[in-house]
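Novice: below are the sequence and a predicted model for it; my questions follow.
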Amino acid sequence: MTAPATTDLEARFSAAFGRQPDGVWQAPGRVNVIGEHTDYNEGFVLPFAIDRTARVAVGVRPDSTVRMLSTYGDQGITAADTSSLEGGTAKGWTKYPLGVIWSLQQRGIDVPGLDLLLDSDVPLGAGLSSSHAIECAVISALNDLTGAGMGPEDMVLATQRAENDFVGAPTGIMDQSASLRGSKGHAVFLDCRDQSVELVPFEAEAAGLVLLVIDTKVSHSHADGGYASRRASCELGAQVLGVRALRDVTVGDLEEASGLLDEVTFRRVRHVVTENDRVLQTVELLRQQGPSAIGALLDASHASMRDDFEISCPELDLAVGSSRANGAIGARMTGGGFGGAAIALTPVSEEQQVRAAVVHAFAEAGYAAPDIFTVTPAAGAMRLV
């Protein structure tokens, strides 16, 4: 966020709440290069923080009231009481900051009343983790303002608890980890079992490539049944196979697993197991050859999500297929699925052709026009003022 934009957010906070904020914090959305639905199976993921962020201006209050306002929409100021927060009662975007406050309270941290103004340019419902960007911006602010002294690992777990137990979305730790631990020019290679992170160079520009995000405008929600049922299938598969998590199943184990699991559960398990293997292969290729070598793995990931995990949709499949047919070297849906966005790793020389082809394909199919933009690996959450 530029200095003028920060100043503008401070001015808007002052206009809304009649005083200056105590600070401004930001946290980025994320795009996942590869590793989908592996995080809650204690596996491997490879996201990066993107150059689109949620920003919060926050001021501490002397009471227990939380007043919240966003720069988009016309809902006006929403108020809540920090002494009586309950999951499932908050509506819209306000459930994310309230969930963070609740989660910190569960850790024994005394959270004061707040005035909070949110601004964000992370697309909503596109699979770029707009909700986690809000949560990570808020927890960064509260960590500073309360003196809680939490490190990134603790903030990751606190925001995950907010998602799981307050918002009601059974998500893993990938999104928060990318937002809180991201680094410019790098992807975040995360082991979801122990939260260990390695920053892996992802220098698309140097390789003559861009990473296009194709927002299909098909909105998704992690709090609905599709995500939860996939997670339940994974847990069933691990239970039947006698392992702590699907992380402990290898590609070589799949033949035996096919005889132990029903057909649907086996396909869910096969996706997770092969996706973990694809993440490890992608990291090794990035280290040795750079992003120009990973296209086939992106393609295989999408096929697995489409056919085995069944979380794609016609719009995502069209975005991927059109991209690949018109110059992208690899493409896949990204995010939790059932809508959202696809990514297409594309030579700079083919970018305009890919963009035009996808827009044309969507128009011919009668779909709403997609939003197409590039993203680059950006820094993680930080205080701006």
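Specialist: In hand now; what should we look at? Numbering: from 1, shown residues only.
Novice: longest strand in the chain, please.
Specialist: strand 44-60 (DSSP state E).
Novice: next one: that strand to chain centre, how far?
Specialist: How far strand 44-60 lies from its chain's middle: 9 Å, per Cα atoms, centre = their mean, to the nearest Å.
Novice: cool, stretch 162-176 as well?
Specialist: On Cα atoms, centre = their mean, the centre of stretch 162-176 falls 11 Å from that of its chain.
Novice: buried ones in that stretch?
Specialist: For stretch 162-176, burial by neighbour count (16 or more other Cβ atoms under 10 Å) applies to 162-167, 169-176. C-betas here are computed from N, CA, C, even on glycine.
Novice: measure it end to end?
Specialist: Terminal residues of stretch 162-176 lie 11 Å apart, using Cα to Cα, to the nearest Å.
Novice: grab the nearest non-local neighbour of the residue positioned nearest the centre of the chain.
Specialist: Centroid-nearest residue in the chain, with Cα atoms, centre = their mean: S129, separated by 3.3 Å. Spatial nearest neighbour of S129, chain neighbours left out: D175 (4.1 Å); criterion: Cβ to Cβ, 6 or more residues apart in numbering.
Novice: which other helices and strands contact the helix or strand that that neighbour is a member of?
Specialist: Element membership for D175 (DSSP states H and E) is helix 174-181. If contacts are counted by 3 or more Cβ pairs under 8 Å, 6 or more residues apart in numbering; DSSP states H and E, helix 174-181 sits against strand 23-34, strand 44-60, helix 130-146, helix 152-161, strand 186-191.
Novice: so which of those is nearest E364?
Specialist: Nearest of those to E364, taken as Cβ to Cβ: strand 23-34 at 26.6 Å.
Novice: what mean pLDDT does that closest one have?
Specialist: Average pLDDT, strand 23-34: 97.
Novice: now do stretch 165-174
Specialist: Averaging pLDDT along stretch 165-174 gives 90.
Novice: ditto for stretch 81-88
Specialist: When pLDDT is averaged over stretch 81-88, the result is 90.
Novice: quick one: buried residues of it?
Specialist: Going by neighbour count (16+ other Cβ under 10 Å), the buried part of stretch 81-88 is 82, 85, 87.
Novice: which ones are touching the first one?
Specialist: I take that to be T82. By Cβ atoms under 8 Å, 6 or more residues apart in numbering, T82 lies in contact with 64-66, 101, 105, 111-114.
Novice: gap between the residue nearest to S129 and E163?
Specialist: Note on D175: its distance to E163, by Cβ to Cβ, to the nearest Å, is 9 Å.
Novice: list residues touching both of the two?
Specialist: Any residue near both D175 and E163 by Cβ under 8 Å, 6+ apart counts here, and that gives H132.
Novice: what ranges do the helices span in the chain?
Specialist: Ranges of helices in the chain, per DSSP state H, are 3-17, 95-106, 130-146, 152-161, 174-181, 225-241, 254-258, 263-288, 295-307, 314-325, 351-365.
Novice: need the contact list for the residue nearest to A133 when sequence neighbours are not counted.
Specialist: Using Cβ to Cβ, 6+ apart and skipping residues adjacent in sequence, the residue nearest A133 is A54, 3.8 Å away. Listed by Cβ under 8 Å, 6+ apart, the contact set of A54 reads 26-29, 118-120, 122, 130, 133-134, 136-137.
Novice: who's A54 bridged to?
Specialist: Per DSSP bridges, the residues bridged to A54 are A27, S120.
Novice: roughly how far does it sit from T171?
Specialist: 16 Å.
Novice: about what we covered before: could the buried residues of stretch 81-88 be laid out in JSON lines, adding distance to F309?
Specialist: What follows is the buried residues of stretch 81-88, written out as JSON lines (distance: Cβ to Cβ, whole Å):
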{"residue": "T82", "distance to F309": "39"}
{"residue": "L85", "distance to F309": "34"}
{"residue": "G87", "distance to F309": "27"}
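Novice: burial check on G108, number of neighbours?
Specialist: The number of residues packed near G108 is 7, by other Cβ atoms under 10 Å.
Novice: which residue is the nearest non-sequential neighbour of V251?
Specialist: Spatially, and ignoring its direct neighbours in sequence, V251 is nearest to D277 (5.4 Å; Cβ to Cβ, 6+ apart).
Novice: and the one you found, how many neighbours?
Specialist: A count of nearby residues for D277, using other Cβ under 10 Å, gives 16.
Novice: which residues touch F13?
Specialist: Residues counted as contacts of F13 (Cβ under 8 Å, 6+ apart) are 20-21, 57, 59, 115, 117.
Novice: kindly apply the preceding question to I329 instead.
Specialist: Per Cβ under 8 Å, 6+ apart, neighbours of I329: 209, 292, 295, 345-347.
Novice: from those residues, list the buried ones, please.
Specialist: 209, 292, 295, 345-347.
Novice: going by distance to R267, which of the residues you listed wins?
Specialist: G295 (24.1 Å).
Novice: the closest one against P347, yeah?
Specialist: No - under the criterion of Cβ atoms under 8 Å, G295 is not in contact with P347, lying 10.3 Å apart.
Novice: any idea how far A319 lies from I214?
Specialist: 4 Å.
Novice: between the two, which contacts overlap?
Specialist: What both A319 and I214 touch, as defined by Cβ under 8 Å, 6+ apart, is the set 342, 344, 358, 370.
Novice: show me what V375 is bridged to.
Specialist: In this entry, V375 is beta-bridged to L211, by DSSP bridges.
Novice: which residues touch it?
Specialist: Each residue near V375 by Cβ under 8 Å, 6+ apart is listed here: 31, 50-52, 211, 213.
Novice: still on that earlier bit, may I ask which two of the contacts of T82 are separated the most?
Specialist: Every pair of these checked by Cβ to Cβ; the farthest is T65 and Q105, at 14.9 Å.
Novice: circling back to that earlier point, what's the closest of the shared contacts of A319 and I214 to Q75?
Specialist: Q75 lies nearest to P370 out of the shared contacts of A319 and I214, by Cβ to Cβ, at 26.9 Å.
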